[in-house]
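J.: just to be clear, the model below is a prediction. Sequence and coordinates:
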Amino acid sequence: QVQLVESGGGLVQPGGSLRLSCAASGSIFRINAMGWYRQAPGKQRELVAAITTGLRTNYADSVKGRFTISRDSAKNTVYLQMNSLKPEDTAVYYCNVDGITAATYSSFTSWGPGTQVTVSS
């Protein structure tokens, strides 16, 4: 079983910055892709950014140039640096990790519990 612990959410004014972190622990043989999704009230969950083992990144058009995803493979941790935040970035942000378990060498997909990001003056 793989557990994800997220941190870094909160309230910030428009134009401000936040950094989200997500650490994975448990029966992990290998982590492949790591990413961040978000869900605003009344909307579907959407991909914000993702990063592969080879450090290829993918961003939603709405966050390109403002958000940066990175990972520390030694710590099984993924980060999301969010700059120039806008009110429309307000949402619950969820960490997502895909990989292979150490116990059975089967694939897994895990989600974090979510962390609230609110952008408001």
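T.: Everything's here; your move.
J.: who's in contact with the residue nearest the centre of the chain?
T.: Nearest to the mean C-alpha position of the chain, by Cα atoms, centre = their mean, lies W36 at 2.7 Å. For W36, the contact set (Cβ atoms under 8 Å, 6 or more residues apart in numbering) comprises 20, 22, 47-50, 69, 78, 80, 93-96. C-beta here means a position set from N, CA and C on the backbone, and glycine is covered the same way.
J.: give me that answer again for 10 Å
T.: By Cβ atoms under 10 Å, 6 or more residues apart in numbering, the residues touching W36 are 6, 20, 22, 47-51, 59-60, 63, 67, 69, 78-80, 82, 93-96, 112, 115.
J.: with R56 instead?
T.: Contact partners of R56, counting by Cβ under 10 Å, 6+ apart, are A33, A50.
J.: drop anything exposed from the contacts of W36.
T.: Buried members of the contacts of W36, scored by 16 or more other Cβ atoms under 10 Å, are 6, 20, 22, 48-51, 59, 63, 67, 69, 78-80, 82, 93-96, 112, 115.
J.: what's across from V5 in the sheet?
T.: A23 (DSSP bridges).
J.: ok, it touching K75?
T.: No - applying Cβ atoms under 10 Å, one finds V5 not in contact with K75, separated by 11.8 Å.
J.: contacts only, for T52.
T.: By Cβ under 10 Å, 6+ apart, the contact set of T52 is I31, N32, A33, M34, G35, N58, R71, D98.
J.: give me that answer again for 8 Å
T.: With Cβ under 8 Å, 6+ apart, T52 has these contacts: N32, A33.
J.: give me the pLDDT value at it.
T.: Here, the pLDDT recorded for T52 equals 93.
J.: ramachandran angles for the residue of the chain most remote from its centre?
T.: If you look at how far each residue of the chain sits from its centre, by Cα atoms, centre = their mean, the farthest one is T104, at 25.5 Å. Backbone torsions for T104, taken as degrees, to the nearest 10, come to phi -130, psi 0.
J.: tell me how far it lies from M34.
T.: T104 is 21 Å from M34, where distance means Cβ to Cβ, to the nearest Å.
J.: partner residues bridging the residue nearest to the centre of the chain?
T.: The partner residues for W36, given DSSP bridges, come to A49, C95.
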